[in-house]
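> next come a sequence and a model predicted from it.
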There are 2 protein chains.
Amino acid sequence: MTENQIEESSTRYNTIIKIAQKFFMEHGYQAVSTRQIADACEITQPALYHHFKGKKELYLEVIRRTLNTTENDINNILSENLEVEKRLHKFSKYMFSNFQEDITKMFHDIYHIFDADTQKIIYGWWAKGFLDPVVKIVEDGIKQGELKNLSLIDAQPIEIGFLILNTIKGSLEPKLLKNLNEADKEFFIERKSKLIVNVLLSGIGK
Amino acid sequence: MTENQIEESSTRYNTIIKIAQKFFMEHGYQAVSTRQIADACEITQPALYHHFKGKKELYLEVIRRTLNTTENDINNILSENLEVEKRLHKFSKYMFSNFQEDITKMFHDIYHIFDADTQKIIYGWWAKGFLDPVVKIVEDGIKQGELKNLSLIDAQPIEIGFLILNTIKGSLEPKLLKNLNEADKEFFIERKSKLIVNVLLSGIGK
DNA sequence: TTCGCAACTTATCACTTGATAAGTTAAATA
DNA sequence: TATTTAACTTATCAAGTGATAAGTTGCGAA
């Protein structure tokens, strides 16, 4: 075990990140204080600084873990060789179920907090976890003849990947979902995902 | 002139709102201090409190004006009786040109700052300015036979309005646009809007 | 048994925050 | 001309903020 691995398997260290993740994702970086996080962890505020260099570094680790977890989940979802429609539907449902907080806000914070180099690193994680899998779906879909030849609409697979991601991202409604019970939530997500995929594939025009 | 109208036409009052708008839209409510706004207005921080009861009230007025301006602009854009495709294209271009900051963040702030009643009032402004016009486009499009009968995809016009709005909203890329010159910006917006409308109307499926 | 060190705590720092109180000034009104 | 008042300013507040220094504790290795 390396020093880093010991640290990462420590219970307290993980608790801090889990709780910090909850707070940061719900309220954003600025609105969360180190004291709030520490209180929720039932430790004193300076104790945080034993595990993390500062608030920024804690936030960065939260982001890293979030994106890393997502990458694994999405790759599992997409490992089955399904048709495009089913893959997109699964992906949409995953996003609705797991990103009940605006990730747009997260990227806004990243832009204003971290320097350009760190931003690039984070963008790399995001691309690997989110964008690449969706672009893969699009590319596979074209190969299988399930999707249009994109040159017809003067677009690149990566552009369509972005568009799909943005459409789903823009449709997430964390506040609405929070007030539903599990059954209603499931129903809402199923219906919404179906609609989004339907429009993405067939459009609303005649 | 009522007392309110005098206040609203005052130069200083308007300057404060304009500058506050710029700051709030770029950084979000929490990240902007009353001192930053005051400094940019070249007045002292307590002078703000002569014009506004508090930071919250200033922010609320910024939101009201932003949504009100948008409502007027959009109604002008959509007053021409064009076909659905051209209307959506115009609308998309307007959004890209005028909302160079994430409006998602604005709604996040609203949710965490204001009480439920105030939130409802703001939602009313938003619905009137953004949602209603888009729903009108959809309804007109169905009447004119340019769009599918929505019962085919088990959807309501308002749902499709949301989806269109969210797709465009999610695709806004303020950071990217900021680094482009006017010509490149125009080109980017034109191209992106065309792609979005194309996918919304025809989809990417075969 | 002693030592070392991880994992804390208490106390405190400099700084920023939104907000208020009290005094000033210049222009409109009576 | 006297008075009022809008539009400020200076001074100051309490409540927070992220961060550091220095001391404590308890456990595992030597």
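It's in.
> for chain A, which residue gets nearest to chain B?
At 2.7 Å from chain B, A:Gly170 is the closest residue in chain A, using C-beta to the nearest C-beta. Where you see a C-beta, it was placed from the backbone N, CA and C, and this is true even at glycine.
> just want the angle from the host helix or strand of that residue to helix B:157-171.
According to DSSP states H and E, A:Gly170 maps onto helix A:157-171. Using axes from the mean of the first three to the mean of the last three C-alpha atoms, to 10 degrees, the direction of helix A:157-171 lies 120 degrees away from that of helix B:157-171.
> what residues of helix A:157-171 count as buried?
Under the neighbour-count criterion of 16 or more other C-beta atoms under 10 Å in any protein chain shown, helix A:157-171 has A:157, A:159-171 buried.
> those: which two are farthest apart?
A:Pro157 and A:Ser171 (21.4 Å; C-beta to C-beta).
> tell me where chain A has strands.
In chain A, no strands are defined using DSSP state E.
> show me where pLDDT drops low in it?
Low-confidence segments of chain A (pLDDT under 70): A:1-10.
> now do the helices in it.
A:3-9, A:11-27, A:34-41, A:48-51, A:55-79, A:84-98, A:103-113, A:116-126, A:132-143, A:157-171, A:174-178, A:182-202 (DSSP state H).
> is the second one in proximity to DNA strand D?
No: counting by C-beta under 7 Å from any atom of the strand, DNA strand D has no neighbours in helix A:11-27; the shortest distance is 10.2 Å.
> repeat for the fifth one
Yes: judged by C-beta under 7 Å from any atom of the strand, helix A:55-79 comes into contact with DNA strand D at A:Lys55, A:Lys56.
> now for that helix, which elements pack on it?
Contacts defined by 3 or more C-beta pairs under 8 Å, 6 or more residues apart in numbering or on different chains; DSSP states H and E place helix A:55-79 against helix A:11-27, helix A:34-41, helix A:84-98, helix A:103-113, helix A:116-126, helix A:132-143.
> I'd say A:Gly205 and B:Val84 touch.
Yes: counting by C-beta atoms under 8 Å, A:Gly205 does reach B:Val84; the two are 7.5 Å apart.
> got any residues that touch both of these two?
B:Glu146, B:Leu147, B:Leu201 (C-beta atoms under 8 Å, 6 or more residues apart in numbering or on different chains).
> which of these come close to chain A?
When contact is defined as C-beta under 8 Å from any C-beta of the partner chain, the shared contacts of A:Gly205 and B:Val84 meet chain A at B:Glu146, B:Leu147, B:Leu201.
> neighbour count for the residues you listed - can I get that in a markdown table?
Shown next, in a markdown table, are those (neighbours: other C-beta atoms under 10 Å in any protein chain shown):
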| residue | neighbour count |
| --- | --- |
| B:Glu146 | 18 |
| B:Leu147 | 21 |
| B:Leu201 | 20 |
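> ok, back up a step: who does the helix holding A:Gly170 touch, helix- and strand-wise?
If you count contacts as 3+ C-beta pairs under 8 Å, 6+ apart, helix A:157-171 packs onto helix A:84-98, helix A:132-143, helix A:182-202, helix B:157-171, helix B:182-202.
> got the buried residues for the second one?
To tie it back to what came earlier, the one meant is helix A:132-143. Buried residues in helix A:132-143, counted by 16+ other C-beta under 10 Å: A:Asp132, A:Pro133, A:Val134, A:Val135, A:Lys136, A:Ile137, A:Val138, A:Glu139, A:Asp140, A:Gly141, A:Ile142.
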